[in-house]
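Colleague: any chance you can model this:
(chains A and B)
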Amino acid sequence: MKINRYCLYYIILLLICLVGVVLPARALDLQEGEEAAKVTLSKTQEAAIVDHCATMKESLKTVQKSDARARVYLGGRYETILNKYITPLNVRLVENSLSTTSLIESQNTLASSKAKFANDYVDYQQKLEELVAVDCKNNPTEFYEKLDGVRQKRKKVEQDVQKMRRVLAEYVDSVGKVKEKLNAKTK
Amino acid sequence: MRKLSKHKKLERGGKNLVILGVASVLIAAVTTSVALAIYHNSGDIYLDRSRPGFLPDEDEVEDENDKVDDEEYDFTKDGQLTKEDMDEFLKHLKEEIQAIDDYKNPFGEEVLSDERLGIPAEEKKVEEVQTSE
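Modeller: From the prediction side, this is the model:
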């Protein structure tokens, strides 16, 4: 009887944990869902969505897969650049008493952009997963609304990638300037 | 009387065993659900390429193997900086950036465009009708 009671307590505790994890996540999803814009589809568009529903879902799954590849590939490259190039050079420049303000700024911007990229990618994938789960045969309008939301999230991820590329270009320029300074110093 | 109490004990033991078994299964189910919920909500699931349908293609595996074979460049955090160090650093950094640029149009918007998904652009058609009128 004792075992029975403790088991019950344990199960209740775990259920509370489960509710604590799942409900806030659902609530966040609902809040974001409310922001989705209402769209009006023409009959031709509705018919196209209903007719090509299966093909569209296949296309979206292919996009999911190719995006996962891009995320892992780019994420790995950013990580390598940050940890194996930018951070060691900045530390070494400080040790060599060379001005590094712009380089440290670039390092911080890249690190924060990388974190934003990771978060935006997760948001985007969650929306894409929701989109794939929509029954487009019976709810074409809902499907299109969600598609619009996914496009916005994808745009954010693309902007993060472009921003990081700009930061890297700035960093290379700054390193070039430091190199010139170093040349002048040694002459 | 003695025989009956032994039978009762056995019965109670069996009952407890069933309760223990059911409780174990329930606990395992609940903890697994919590773990899966965390795995999903944290977004780790989207980075996991060992999922069915997300496994790396053959060409990716070959690229990875090639990368392992390549000699790795290591820029040390200490020591005197020379022009040669900076040149070598820039050369390798530019190679890494080039590898990012080689990945053509990541997360481009045209992949999810109406045209690509087979949804007709209705507005254009309406405009065309208006101009023809």
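
Colleague: helices along chain A, start to end?
Modeller: Assigned by DSSP state H, chain A shows helices spanning A:2-34, A:43-51, A:53-80, A:87-95, A:101-133, A:140-186.

Colleague: got JSON lines for those, with mean pLDDT, mean neighbour count and distance to chain B too?
Modeller: From N, CA and C alone the C-beta is placed, and that goes for glycine too. Below are the helices of chain A laid out as JSON lines (pLDDT from 0 to 100; neighbours: other CB atoms under 10 Å in any protein chain shown; distance: least, CB to the nearest CB, whole Å):
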{"stretch": "helix A:2-34", "mean pLDDT": "62", "mean neighbour count": "12", "distance to chain B": "4"}
{"stretch": "helix A:43-51", "mean pLDDT": "91", "mean neighbour count": "16", "distance to chain B": "5"}
{"stretch": "helix A:53-80", "mean pLDDT": "93", "mean neighbour count": "17", "distance to chain B": "4"}
{"stretch": "helix A:87-95", "mean pLDDT": "92", "mean neighbour count": "17", "distance to chain B": "4"}
{"stretch": "helix A:101-133", "mean pLDDT": "94", "mean neighbour count": "18", "distance to chain B": "3"}
{"stretch": "helix A:140-186", "mean pLDDT": "92", "mean neighbour count": "17", "distance to chain B": "4"}
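
Colleague: any chance of the ones you listed in a markdown table, with distance to B:E84 too?
Modeller: Formatted as a markdown table, the helices of chain A follow (distance: least, CB to CB, whole Å):
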| stretch | distance to B:E84 |
| --- | --- |
| helix A:2-34 | 52 |
| helix A:43-51 | 61 |
| helix A:53-80 | 22 |
| helix A:87-95 | 14 |
| helix A:101-133 | 19 |
| helix A:140-186 | 11 |
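
Colleague: B:E109 is nearest to which of these?
Modeller: helix A:140-186 (6.2 Å; CB to CB).

Colleague: list the contacts of A:K155.
Modeller: If a contact means CB atoms under 8 Å, 6 or more residues apart in numbering or on different chains, then A:K155 has B:E109 as its contacts.

Colleague: mind doing that once more with 10 Å?
Modeller: For A:K155, the contact set (CB atoms under 10 Å, 6 or more residues apart in numbering or on different chains) comprises A:120, A:124, B:107-109, B:112.

Colleague: A:R71 is in contact with A:K114, correct?
Modeller: No - counting by CB atoms under 10 Å, A:K114 stays clear of A:R71, with 11.6 Å between them.

Colleague: I'd like the domain boundaries of chain A, if you could list them.
Modeller: Following automatic domain parsing, chain A resolves into domains at A:1-35, A:41-186.

Colleague: put the alpha carbons of stretch B:92-111 into PDB.
Modeller: Listed in PDB are the C-alpha atoms of stretch B:92-111, where the atom choice follows Å, rounded to 0.1, in the frame of the first residue of the first chain:
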ATOM      1  CA  HIS B  92      42.700  30.500 -44.200                       C
ATOM      2  CA  LEU B  93      39.900  32.800 -42.900                       C
ATOM      3  CA  LYS B  94      39.100  33.800 -46.500                       C
ATOM      4  CA  GLU B  95      38.900  30.100 -47.400                       C
ATOM      5  CA  GLU B  96      36.300  29.500 -44.600                       C
ATOM      6  CA  ILE B  97      34.300  32.500 -45.800                       C
ATOM      7  CA  GLN B  98      34.500  31.200 -49.300                       C
ATOM      8  CA  ALA B  99      33.000  27.900 -48.100                       C
ATOM      9  CA  ILE B 100      30.100  29.800 -46.700                       C
ATOM     10  CA  ASP B 101      29.600  31.700 -50.000                       C
ATOM     11  CA  ASP B 102      29.800  28.400 -51.900                       C
ATOM     12  CA  TYR B 103      26.500  27.400 -50.300                       C
ATOM     13  CA  LYS B 104      24.300  29.000 -52.800                       C
ATOM     14  CA  ASN B 105      21.300  31.100 -51.500                       C
ATOM     15  CA  PRO B 106      20.600  29.500 -48.200                       C
ATOM     16  CA  PHE B 107      17.100  30.200 -46.900                       C
ATOM     17  CA  GLY B 108      16.200  32.100 -50.100                       C
ATOM     18  CA  GLU B 109      12.500  33.100 -50.300                       C
ATOM     19  CA  GLU B 110      11.800  31.700 -53.800                       C
ATOM     20  CA  VAL B 111      11.800  28.100 -52.400                       C
END
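
Colleague: buried residues in it?
Modeller: For stretch B:92-111, the buried set under the neighbour-count rule, 16 or more other CB atoms under 10 Å in any protein chain shown, comprises B:92-93, B:96-97, B:99-100, B:106-107, B:111.
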